[in-house]
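Student: Next input, structure requested:
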Amino acid sequence: RIEKLSVKLCFETEKGNLYLKPSDILYFEVFNHTLTVHTKEGNSVIRSTLSEIEKSISEKGFIRTHKSYLVNYRYIFSLNEFEAVLDNKEKVPLSRRKREEAKKKLLYFSRKNG
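Tutor: Just a heads-up that it's a prediction; the model follows:
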C-alpha cells in the first residue's frame, strides 16, 4: 500500500510503515519474490509488488529498466546497451525490451525537471 503524505511516500514493511521522499529512493528491486527499496541511507524490504509501486509513482520520475527494477531517473548517470549506471557507480540491468522506453523517459524527465 502506497499513499501520499505531503511529499513523502508510505511503504508497508514488517516493522511498520516506512516514509520516504521520492528523491531519497535510488531504485526498487525484486529478487526471489522480495521487494527491496534501495535508498541513500540503506535498504528496506517492503510489502507490495513492483507493478503496484510503478503505477503509483511512475509520474514521480521512476523508470522501469527491467522486469525486476524500477529506477529513479535522478540517479541515472548513463544508459548503455545492458545496464543503467547510477551516480554512485552501482549498475542495474537494462533489458532489451525496456531500453528504448527507458531512454525516452530519461530524456522526458530530464527536460521536464531539468
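Student: what about stretch 53-66, average pLDDT?
Tutor: Stretch 53-66 shows a mean pLDDT of 92.
Student: For it, C-alpha coordinates in PDB please.
Tutor: C-alpha atoms of stretch 53-66 as PDB (Å, rounded to 0.1, in the frame of the first residue of the first chain):
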ATOM      1  CA  ILE A  53       4.800   0.600  -7.000                       C
ATOM      2  CA  GLU A  54       5.300   1.500 -10.700                       C
ATOM      3  CA  LYS A  55       1.600   2.500 -11.100                       C
ATOM      4  CA  SER A  56       1.700   4.700  -8.000                       C
ATOM      5  CA  ILE A  57       5.000   6.600  -8.600                       C
ATOM      6  CA  SER A  58       6.000   6.400 -12.300                       C
ATOM      7  CA  GLU A  59       5.000  10.100 -12.700                       C
ATOM      8  CA  LYS A  60       7.400  11.000 -10.000                       C
ATOM      9  CA  GLY A  61      10.400  10.100 -12.200                       C
ATOM     10  CA  PHE A  62      10.800   6.400 -11.900                       C
ATOM     11  CA  ILE A  63      11.700   4.300 -14.900                       C
ATOM     12  CA  ARG A  64      11.300   0.500 -15.400                       C
ATOM     13  CA  THR A  65      14.600  -0.700 -16.700                       C
ATOM     14  CA  HIS A  66      14.000  -4.400 -16.300                       C
END
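Student: Would you list the phi and psi of the residue sitting furthest away from the middle of the chain?
Tutor: Distance from the C-alpha centroid of the chain peaks at K15, with 21.4 Å (C-alpha atoms, centre = their mean). With angles defined as degrees, to the nearest 10, K15 sits at phi -100, psi 0.
Student: Please apply the same query to K8.
Tutor: Main-chain torsions, K8, degrees, to the nearest 10: phi -110, psi 150.
Student: what's the helix or strand for the nearest residue to it once chain neighbours are set aside?
Tutor: Closest residue to K8 apart from its sequence neighbours, by C-beta to C-beta, 6 or more residues apart in numbering: Y19 at 4.4 Å. (Glycine included, C-beta is placed from N, CA and C.) Y19 is located in strand 16-20, with elements delineated by DSSP states H and E.
Student: how about that strand: buried residues?
Tutor: L18, L20 (16 or more other C-beta atoms under 10 Å).
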